[in-house]
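In: What would the 3D arrangement of this be:
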Amino acid sequence: MTIRHRFDHELDVRGQACPLPVINTRKAVNGLESGKIIRVLTSDPGAASDFHALIHAIGLELLSQETLDGELSFVIRKP
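Out: Below is the predicted model:
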């Protein structure tokens, strides 16, 4: 089942290799206001564990994570 979330910003880091997806996501999140939601698209196969570590480290809220055709989508809320 696919859960759809409204998001305020989308960051496409597909094609970027580790650690760039996480670095660019952190920069994008830092520029968001509290309560805003960002969707991040990545094709990096190792991104799942990296994104979970980032979310935990800076206290973000993971709303959803999906994999489709080898690409990952994370929907994250900045508290």
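In: Find the nearest non-adjacent residue to Leu54, please.
Out: Closest residue to Leu54 apart from its sequence neighbours, by CB to CB, 6 or more residues apart in numbering: Val22 at 5.2 Å. From N, CA and C alone the C-beta is placed, and that goes for glycine too.
In: what's the burial count for the one you found?
Out: Residues contacting Val22 under the criterion other CB atoms under 10 Å number 22.
In: element containing it?
Out: Here Val22 sits within helix 20-30, counting by DSSP states H and E.
In: Following that helix in sequence, what is the next regular element?
Out: strand 37-42.
In: just to revisit the earlier point, was I right to think the residue nearest to Leu54 contacts Gly46?
Out: No. Val22 lies out of contact with Gly46 (CB atoms under 8 Å); the separation is 9.8 Å.
In: so where is the chain shaky, pLDDT-wise?
Out: Judged by pLDDT under 70, the chain has its weakly predicted residues at 1-3.
In: Lys36 and Arg6 touch, don't they?
Out: No. Using CB under 8 Å, Lys36 is not in contact with Arg6; the gap is 10.8 Å.
In: which residues touch the residue nearest to Leu54?
Out: Residues near Val22 by CB atoms under 8 Å, 6 or more residues apart in numbering: 47, 50-51, 53-54.
In: Any of the residues you listed buried? List them.
Out: Burial by neighbour count, judged by 16 or more other CB atoms under 10 Å, picks out 47, 50-51, 54 from the contacts of Val22.
In: Mind putting those residues into a markdown table with secondary structure and distance to Val29?
Out: As requested, these are arranged in a markdown table below (DSSP: H, G, I helix; E, B strand; the rest coil; distance: CB to CB, whole Å):
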| residue | secondary structure | distance to Val29 |
| --- | --- | --- |
| Ala47 | helix | 15 |
| Asp50 | helix | 14 |
| Phe51 | helix | 11 |
| Leu54 | helix | 8 |
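In: Many thanks, I have nothing further to ask.
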